[in-house]
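got a predicted structure here, sequence first:
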Amino acid sequence: MPRTHMPLPEKPRSKHEVHRSRPGSSIDIAAYFYGEQTVCPDCVKDLAIPYYQISNPDRSTEDILNEAALKARIDRHGEDSFNSHEFPKVIFASDIAGGDYCFVCLRSL
């Protein structure tokens, strides 16, 4: 009997998985700097949804923050135009040092 290749079901995404722009990318988002604290993507999303009154919370953290930035009239690409008390700033995986953790959930980054 010939062997057929059956694809495995896609692994459910872990709540604490690094948010990747593309596989193996050097620009993976590992966390955000928000109010002078390091916060993981899941916690930033949880904080932004009620504060900016975001509908459809099942989207990615980046989609949520893009909508929130539009509502707050913040240019997320011009990080010099706002401070971390006004809106979260991206921290890339390459910028994370050992021992960094989320200020909210205390998860290691």
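Received the coordinates, thanks.

Pro50: what secondary structure?
helix (DSSP: H, G, I helix; E, B strand; the rest coil).

how close does it get to Asp75?
23 Å (C-beta to C-beta, to the nearest Å). C-betas here are computed from N, CA, C, even on glycine.

neighbour-wise, which of these two wins?
Ranked by neighbour count (other C-beta atoms under 10 Å), Pro50 and Asp75 place Asp75 first, with 12 against 9.

how about the nearest residue to the more buried one, chain neighbours excluded?
Ser81 (5.4 Å; C-beta to C-beta, 6 or more residues apart in numbering).

ok, the one you found to Lys45 distance?
22 Å.

who has more neighbours out of those two?
Higher neighbour count among Ser81 and Lys45: Lys45, with 23 against 11, using other C-beta under 10 Å.

and the spatially most central residue of the chain, backbone torsions?
When C-alpha atoms, centre = their mean is applied to the chain, the residue found nearest the centroid is Pro41 (3.2 Å). Backbone geometry at Pro41, expressed as degrees, to the nearest 10, gives phi -60, psi -40.
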